[in-house]
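1. model this:
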Amino acid sequence: MASQQLLSLREASDKYNIPWATLRDAVYRGAIAARKIGNQWIVEAQSVEAFMANPPQRGRPPKKNG
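-> Numbers count the residues shown, from 1 in each chain. The predicted structure follows:
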């Protein structure tokens, strides 16, 4: 069984060069799986990498014609 690398949001932010607030918002939206231990959120490195591979789209969604 492969071990999972667990990171705090700060560690993940530093490792993947993503703003801490972006990671926190992704956790709140459910885009990144996380567990709260004490007063910090812990994420799996694989979950952050999956989030980076498919980042959320920015801006207003396009209008539907018809």
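2. which of the residues in stretch 5-20 are buried?
-> Leu7, Ser8, Leu9, Glu11, Ala12, Ser13, Ile18 (16 or more other Cβ atoms under 10 Å). Where C-beta positions appear, they are placed from N, C-alpha and C, glycine not excepted.
3. okay, and the beta partners of the closest residue to the second one other than its chain neighbours?
-> Spelled out, that is Ser8. Spatially, and ignoring its direct neighbours in sequence, Ser8 is nearest to Gln40 (5.1 Å; Cβ to Cβ, 6 or more residues apart in numbering). Here Gln40 sits in beta bridges with Ile37, going by DSSP bridges.
4. mind pulling the model confidence for Gln40?
-> pLDDT for Gln40: 90.
5. what is the neighbour count of it?
-> Gln40 has 12 neighbours, counted by other Cβ atoms under 10 Å.
6. quick one: it from Ala53, how far?
-> Applying Cβ to Cβ, to the nearest Å, the value for Gln40 to Ala53 is 24 Å.
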